[in-house]
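Q: fold the stuff below for me.
(2 chains)
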Amino acid sequence: MNKKRGSQSLVFASPPIITSTANIVGPMEGKGLLQEHFDCIMPDNLNNLDSWEQCESYMMEWAIKTAVNKDNSTMDMIDCVLAGDLLNQLMSTHFAVKKINRPFLGLYGACSTMVESLLVGAIVLDGGFANKVAVAASSHHDAAERQYRFPSELGVQRPPSSQWTVTGSGAAILSLLGNGPRITAATIGKIVDYGIKDPNAMGSAMAPAASDTLLRHLQDTGRAPAYYDMIFTGDLGSVGKQLVIQLMKEQGLDISSNYQDCGCMIYREEQDTHAGASGCASSAIVFSGYIYRALMTSKLKKILLLGTGSLHSTTSYQQKESIPCIAHAVAVEV
Amino acid sequence: MSNEIISKQSKEQLKQQVEQQRYQDKVDKFTPKPPLLKNICWAFVVGGLICLLGQFITDYFSGLGLSKKEASNYATIVLVFLGSFLTGLGVYDELGKRAGAGSVVPITGFANSIVAPAMEFKREGYVFGIGAKMFVIAGPVLVYGMVTAFIVGLIYWMGQGNRGL
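A: Have a look, this model is predicted:
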């Protein structure tokens, strides 16, 4: 049976089940809008470890182990771990998965990594290559800032379009058997680049990728936006969110009533993050917390999650290249 | 034939440029503008206060009987210490967030730009961390400061009709 639909989408024959999720966040996220949807809130961004990178590894390891525990499984039942983060050479992920000691595939999709992991995990399961996989993504504000921008104590003024990298990690267990919402379809995104060069305007750089994948998903599956109770993008922030609504409107599709961006759901206005949240953990913690719980309680029945990533590096930025962006989508239904 | 391919390519490039420009216009429409007046006021007040403090310190040292040059050297040392100290306490970045250039331009900002990376890269050790990374932000300022000083000196020297030699 051919599972491919249209040009970029897949519909799973035996849709993999998300049997459990877990998440952990830093103190700032813990004071935000979704505080009751986190499993663990760390007291500070170091959590008694020696470096921010170690803290990020700890978060991912904690999230995967907790998700496995919640699933009433043991680690040796996990056939494969699929995970990634923002740091060079996936540093945090590699040190986290080293301690887990299971077969592992590292994924890099910048901030789209959580959805990329869910998508690849679902393919592995539906293909019959595994019975249970763990997927995860993480980011750490200070570790990402020092890699991509400035030291955290430097007195710089951030522009109003800039976003705040989330400190946190989210993990999910996908199984062929069990209870929970199912990943029914997915769309693999293309790299889209509209020439935006400002790394402080990642929302506007990523918006065309998000709308491209969303449009492709709807065309490939023959669904209307209203098919979904909610459509979520990963970390476009307030600027990118408005742009996606505008770009879809130009295609004749109105998504303003059932669309939200995870980056706009995490922080409170007075937390002064400017345009909202960003980072791999933005979609990871919102999906593994708020969205998953809403699906489990049937508050939401059909959602589309679009992970959005800006694939630039500090080198490409310094060499004045524009920001290539990508978005992947997974449809999760009860 | 090859001309046709080239003209097709340049047509596509042009189309892409137009599309990118159209998108940029949309982005400009949705991107919030920085609060210019508020930022300017903050920069003026904070920058002014730092300079005022510097003047007080200079006057204090002058009052102790130091020459003008000596007094301003001591004032610089005190301001650099204050900038570094406040960076260490995690106060200076909070100030910089609001004051922008007002706290970047004075010498306290220069101290901040050296101490902040030194703190950040402590984990990588004294040589490849603190030693190597300390000047990542202040380095270009030093390089072009020295180049400018050299050029200005050269002009001054020529203006003097080479009397110096």
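
Q: any idea how far residue A:329 is from residue A:215?
A: Counting by C-beta to C-beta, to the nearest Å, the separation of residue A:329 from residue A:215 is 10 Å. Just so you know, the C-beta spots here come from the backbone N, C-alpha and C atoms, and that holds for glycine as well.

Q: what's stretch B:132-142 in contact with?
A: A:150, A:151, A:154, B:110, B:113, B:114, B:116, B:117, B:118, B:120, B:121, B:124 (C-beta atoms under 8 Å, 6 or more residues apart in numbering or on different chains).

Q: which of those count as buried?
A: Restricting the contacts of stretch B:132-142 to buried positions leaves A:150, A:151, A:154, B:110, B:113, B:114, B:116, B:117, B:118, B:120, B:121, with burial counted as 16 or more other C-beta atoms under 10 Å in any protein chain shown.

Q: and the fifth one, what element?
A: To tie it back to what came earlier, the one meant is residue B:113. helix B:107-120 (DSSP states H and E).

Q: show me what that helix is packed up against.
A: In this structure, helix B:107-120 packs against helix B:68-88, helix B:92-99, helix B:101-104, helix B:132-133, helix B:138-159, with contacts taken as 3 or more C-beta pairs under 8 Å, 6 or more residues apart in numbering or on different chains; DSSP states H and E.

Q: could I get the contacts of stretch B:132-142 as CSV with distance to residue B:81 and pLDDT?
A: Below are the contacts of stretch B:132-142 laid out as CSV (distance: C-beta to C-beta, whole Å; pLDDT from 0 to 100):
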residue, distance to residue B:81, pLDDT
A:150, 22, 88
A:151, 19, 88
A:154, 18, 90
B:110, 12, 94
B:113, 15, 95
B:114, 12, 95
B:116, 15, 95
B:117, 18, 94
B:118, 15, 94
B:120, 20, 92
B:121, 21, 93
B:124, 25, 93
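
Q: and which of those is nearest to residue A:225?
A: residue A:150 (39.2 Å; C-beta to C-beta).

Q: thinking again about what came up before, format the contacts of stretch B:132-142 as JSON lines; extra columns: distance to residue A:279.
A: JSON lines is the format used below for these (distance: C-beta to C-beta, whole Å):
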{"residue": "A:150", "distance to residue A:279": "16"}
{"residue": "A:151", "distance to residue A:279": "18"}
{"residue": "A:154", "distance to residue A:279": "19"}
{"residue": "B:110", "distance to residue A:279": "31"}
{"residue": "B:113", "distance to residue A:279": "25"}
{"residue": "B:114", "distance to residue A:279": "28"}
{"residue": "B:116", "distance to residue A:279": "21"}
{"residue": "B:117", "distance to residue A:279": "22"}
{"residue": "B:118", "distance to residue A:279": "26"}
{"residue": "B:120", "distance to residue A:279": "18"}
{"residue": "B:121", "distance to residue A:279": "21"}
{"residue": "B:124", "distance to residue A:279": "23"}
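
Q: domains of the chain: list them as residue ranges, please.
A: Reading this off chain A. Domains of chain A are assigned by automatic domain parsing as A:4-175, A:182-333.

Q: meant chain B, my bad for not saying
A: Split into domains by automatic domain parsing, chain B comes to B:36-134, B:136-165.

Q: quick check: residues of chain B near chain A?
A: Taking C-beta under 8 Å from any C-beta of the partner chain, the part of chain B that reaches chain A is made up of B:19-20, B:23-24, B:26-27, B:30-35, B:39, B:87-88, B:90, B:92-100, B:103-104, B:109, B:112-113, B:115-117, B:119-121, B:123, B:137.

Q: please check the residues you listed and keep the buried ones.
A: B:20, B:23, B:26-27, B:30-31, B:39, B:87, B:92-93, B:95-96, B:98-100, B:103-104, B:109, B:112-113, B:115-117, B:119-121, B:137.

Q: neighbour count for residue A:329 and residue A:215, which is higher?
A: Legend: neighbour count by other C-beta atoms under 10 Å in any protein chain shown for residue A:329 and residue A:215, higher for residue A:329 (31 against 16).

Q: which of the three states applies to residue A:231?
A: strand (DSSP: H, G, I helix; E, B strand; the rest coil).

Q: and for it, the neighbour number?
A: Around residue A:231 there are 26 other residues, counting by other C-beta under 10 Å.

Q: ok, now residue B:10?
A: Residue B:10 has 10 neighbours, counted by other C-beta under 10 Å.

Q: just residue A:213 next, same as before
A: So residue A:213, with other C-beta under 10 Å, has 28 neighbours.

Q: and the one 3 residues further on, by the same measure?
A: By the criterion of other C-beta under 10 Å, residue A:216 has 20 neighbours.

Q: so residue B:70 is in contact with residue B:64, correct?
A: No - Residue B:70 is beyond contact range of residue B:64, at 9.6 Å (criterion: C-beta atoms under 8 Å).

Q: the two: who's more crowded?
A: A count of neighbours by other C-beta under 10 Å puts residue B:70 above the other of residue B:70 and residue B:64, at 14 against 10.

Q: residue contacts, the more buried one?
A: Contacts of residue B:70 (C-beta under 8 Å, 6+ apart): residue B:61.

Q: do you know the pLDDT at residue A:71?
A: Per-residue confidence (pLDDT) for residue A:71: 96.

Q: so what touches the helix holding residue B:113?
A: With C-beta under 8 Å, 6+ apart, helix B:107-120 has contacts from A:146, A:150-155, B:50, B:54, B:76, B:79-84, B:86-88, B:92-93, B:96, B:103-104, B:130, B:133-138, B:141.

Q: what angle do that helix and helix B:138-159 make?
A: Angle, helix B:107-120 to helix B:138-159, by axes from the mean of the first three to the mean of the last three C-alpha atoms, to 10 degrees: 140 degrees.
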